[in-house]
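>>> build me a structure from this.
(2 chains)
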Amino acid sequence: MTAAATPPARTHEVSRFEYHLLRVLRFFLGHFPTDQGLSLLRSSIAAPTCLSRTAIRLAEETLAKGCVLFLARSGAWRNDRYLHEGQPITGRVWERIPLAERTLSFTPAVLRFVVWATSEKLPGTKEKWNPPAEGLTPADELFFYLAFEACRADPPLLDVLRHREAFATNPWAWLACPAEVAGHAEARPPSFDPLFAGERAAILESLQPLFFQRWLNSERLKGKQSDWKQMRQQGRAELASLQAFLGAADRANRRDLARFVLQVNAALYTKDLTPTYWTGSLTAQGPPRLADRLDTQRAALAVPRQMAVFQAWAEQARNVSYFDEGYTASQLWKAEWEAASGDEIAARAERTIEAIEPLRTDPLPPEPQTGSSS
Amino acid sequence: MSRAYRISVKSSETRTLKAADEIGTTLEILEILPPEQMAGLLRGELTAQGFEDQPDGTMIRRDGDVTITVDPCSGEVTVKAEAAGEVSAEARQNSTGFDDMGPTEEMIRRQMKEQLHGDLEKKFDTAQQKLQQQATKELEQHLQDLQPEIAKILNKVTREALKQKAAQMGEIKEMSENETTGELTIKLEV
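Predicted coordinates for the structure are as follows:
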């Protein structure tokens, strides 16, 4: 018995540089081992004047499939409910959002960056690469965020990237890892307003579970942070990022897209928590000034602080009547709030925040017993 | 034959050093009455505790080196401790030079002066740190004393507001207060 002859696998010929470039691209998209990818970035190889047609086609294919696969795996596959044109729609991302609003298109800036990263010996670079972030498409921003994520294991490399505009103003990076993007500089998050419309809103819906997990892990790890300076820097970056993000969500009337922050609080506050849950390892001698120590402790509670914003949203939602504009959006937020036991979580968060305040007062006397007779 | 010589340089300086520490927080004032009435009650209670009105609407009390500022309208409280002191520091350096080899006397003196400057700065830094510790310690101690006082003031303001609110609602028939537990019972006829 003979096996039927299989047609020979189709091979693509690329140059050595292009081979490296495709591997670097796969590393940025999370499809290549981290250690090998970082070692590729740390080595340099002379870039040709132009890339072959085959290499460009392969890069385009890798980019398109890699980004879509990442979004699908991150949460786009989930059967979820979000607002679309003011109405809650249930389904997976591709069922909720029309194709035109979830088509990813990349600019040459992406490939130029990959060429630069492949040819340069990072983190020391000879050629300056720092294009303006204005012309980047939502898909470009998503790719640059993925590249930033891929390099998180290498702090010197991250330091090189965070000073480039494409990364410093990347909204996805600011939402996923604000402390890493801000570095030691003052936290200045970009405007989050564009995230609530078009392709960016579709991406944001897809990334909700990912952001939830990232923030939850970050909060759980804060209790192990023993460096006062790093805690302060991280807390300030998180606070700046969350405040800007929630403000933008409110302006766009897309409070449903802030769901992951509410869910993180709900996952944390399964019981009453004291501030030591976050600051328990700050046992070493901190800054000499009490003002700085208090500032650090307050900054560490950036996430529970957002419950006050959500509570205000819930209050507003309760006051929206059936014939008012935005009734359905309010109902959706009310449902989110109730599903997360928002009132209880907000009360617990408030108690945690009050516990670090230096002039906190004891509970006030109970309400007067009003015996009325007429 | 080379001749050795000894160079001695001395420098002293007096500086006025200042250090401060400050915390700010917001008092939780219940909205039993309209905000301006609650602010009025708080203002009255703060005056009774020795706070003085300021042109910007805030109230200030100075307890030694500690200044407490309260904004009755917003409930913002700032507690600031300051410490200042005149510190004198002296540094001395000795060195040996040779007239026919090594650096010249002028160079040695210049190097020694630079070292002296560094030594003086270190001494002033140490003094500054001590002053900072002093200010912070004073602030921490003062906050411990201030906390029950502020709680008492807020308690009084809340009780007074409740009484006024009850009086607005109807005729007060009976009122009993327990200073120890902070309980207030008002019976009124509507």
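>>> burial count for B:Glu45?
18 (other CB atoms under 10 Å in any protein chain shown). From N, CA and C alone the C-beta is placed, and that goes for glycine too.
>>> now swap in B:Glu149 and tell me
B:Glu149: 12 neighbours (other CB under 10 Å).
>>> from memory it sits against B:Gln49, does it?
Yes - when contacts are counted by CB atoms under 8 Å, B:Glu149 is listed as touching B:Gln49 (7.0 Å).
>>> where in the chain is pLDDT low?
Assuming you mean chain A. For chain A, residues meeting the criterion pLDDT under 70 lie at A:1-9, A:361-374.
>>> hm, I was asking about chain B
Scanning chain B residue by residue, the ranges that satisfy pLDDT under 70 are B:1.
>>> in it, which spans are helices?
Chain-ordered helices for chain B, with DSSP state H as the definition, fall at B:35-48, B:105-169.
>>> near chain A, which residues of chain B are found?
With CB under 8 Å from any CB of the partner chain as the criterion, chain B meets chain A at residues B:21-23, B:25, B:27-28, B:30, B:77, B:79, B:129, B:132-133, B:136, B:139-140, B:143, B:146-147, B:150-151, B:154-155, B:158-159, B:162, B:166, B:169-170, B:173, B:181-190.
>>> out of those, which are buried?
When these are checked for burial by 16 or more other CB atoms under 10 Å in any protein chain shown, the buried set is B:21-23, B:25, B:27, B:77, B:79, B:132, B:136, B:139, B:143, B:146, B:150-151, B:154-155, B:158-159, B:162, B:166, B:170, B:182, B:184, B:186-188.
>>> and for the closest residue to A:Glu60 other than its chain neighbours, the neighbour number?
Distances taken as CB to CB, 6 or more residues apart in numbering or on different chains put A:Phe106 closest to A:Glu60, at 7.8 Å, once the chain neighbours are dropped. Per other CB under 10 Å, the neighbour tally for A:Phe106 reads 19.
>>> OK, contacts around A:Phe106?
Residues in contact with A:Phe106 (CB atoms under 8 Å, 6 or more residues apart in numbering or on different chains) are A:Glu60, A:Leu63, A:Ala64, A:Thr137, A:Ala139, A:Asp140, A:Phe143.
>>> I'd assumed A:Leu71 was in contact with the fifth one.
No - the pair A:Ala139 and A:Leu71 fails to qualify as a contact (CB under 8 Å) at a distance of 10.1 Å.
>>> return the set of buried residues in stretch B:93-113.
Applying 16+ other CB under 10 Å to stretch B:93-113 flags B:Gln93, B:Ser95, B:Gly97, B:Ile108, B:Arg109, B:Met112 as buried.
>>> just list whatever residues bridge to the closest residue in space to the fourth one that isn't next to it in sequence.
Once its chain neighbours are removed from consideration, B:Ile108 has its nearest residue in B:Gly97; the separation is 5.1 Å (CB to CB, 6+ apart). Beta-bridge pairing of B:Gly97, defined through DSSP bridges, involves B:Tyr5.
>>> quick check: B:Gly97 vs chain A, distance?
Distance, B:Gly97 to chain A, by CB to the nearest CB, to the nearest Å: 42 Å.
>>> need the contact list for that residue.
Contact partners of B:Gly97, counting by CB under 8 Å, 6+ apart, are B:Ala4, B:Tyr5, B:Arg6, B:Ile7, B:Pro103, B:Thr104, B:Glu105, B:Ile108.
>>> what is the end-to-end distance of stretch B:19-33?
Its first and final residues considered, stretch B:19-33 spans 41 Å by CA to CA, to the nearest Å.
>>> let me see the domain layout of chain A.
Listed by automatic domain parsing, the domain ranges of chain A are A:15-169, A:194-359.
>>> deepest-packed of those domains, please.
domain A:194-359 (a mean of 18; mean count of other CB atoms under 10 Å in any protein chain shown).
>>> elements contacting the helix or strand that contains A:Ile353?
Per DSSP states H and E: A:Ile353 is located in helix A:342-355. Judged by 3 or more CB pairs under 8 Å, 6 or more residues apart in numbering or on different chains; DSSP states H and E, helix A:342-355 is in contact with helix A:259-268, helix A:302-305, helix A:307-318.
>>> okay if I get the ones you listed as TSV plus distance to A:Gly183?
Compiled in TSV, the helices and strands packed on helix A:342-355 are given as follows (distance: least, CB to CB, whole Å):
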stretch	distance to A:Gly183
helix A:259-268	23
helix A:302-305	17
helix A:307-318	26
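>>> so which of the ones you listed comes closest to A:Asp250?
helix A:307-318 (7.3 Å; CB to CB).
>>> so which other helices or strands are in contact with the closest one?
helix A:259-268, helix A:327-339, helix A:342-355.
>>> ok, which of those helices comes nearest B:Ala89?
helix A:342-355 (42.7 Å).
>>> what sits up against the closest one?
A:262, A:265-266, A:269, A:271-275, A:277, A:301, A:304-305, A:307-308, A:310-311, A:314, A:336-337, A:360, B:28.
>>> so which residue of the stretch 101-250 of chain A comes closest to chain B?
Residue nearest to chain B within the stretch 101-250 of chain A (CB to the nearest CB): A:Trp228, separated by 14.4 Å.
>>> my guess is that residue meets A:Pro288, correct?
No - counting by CB under 8 Å, A:Trp228 sits too far from A:Pro288 to count as a contact (10.8 Å).
>>> output the contacts of B:Gly97 as CSV; include the columns distance to A:Leu257.
Shown next, in CSV, are the contacts of B:Gly97 (distance: CB to CB, whole Å):
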residue, distance to A:Leu257
B:Ala4, 80
B:Tyr5, 79
B:Arg6, 77
B:Ile7, 73
B:Pro103, 70
B:Thr104, 73
B:Glu105, 75
B:Ile108, 70
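>>> now the strands for chain A?
Along chain A, counting by DSSP state E, strands occupy A:80-84, A:87-91.
>>> and the closest residue to A:Phe113 other than its chain neighbours, what does it touch?
Nearest residue to A:Phe113, sequence neighbours excluded (CB to CB, 6+ apart): A:Trp129, at 6.6 Å. Residues in contact with A:Trp129, defined by CB under 8 Å, 6+ apart, are A:Arg112, A:Phe113, A:Trp116, A:Glu120, A:Arg164.
>>> list the ones among the residues you listed that fall in helices.
Members of these lying in helices (criterion: DSSP H): A:Arg112, A:Phe113, A:Trp116.
>>> closest one of these to A:Arg78?
Using CB to CB, the ones in helices among the contacts of A:Trp129 come closest to A:Arg78 at A:Phe113, 30.4 Å.
>>> I figured the closest one hits A:Phe144, correct?
Yes - taking contacts as CB under 8 Å, A:Phe113 lies within contact range of A:Phe144: 7.3 Å.
>>> between the two, what contacts are shared?
In terms of CB under 8 Å, 6+ apart, A:Phe113 and A:Phe144 are both contacted by the residues A:Ala166.
>>> ramachandran coordinates for A:Thr11?
phi -110, psi 150 (degrees, to the nearest 10).
>>> so who does it touch?
By CB under 8 Å, 6+ apart, the contact list for A:Thr11 is empty.
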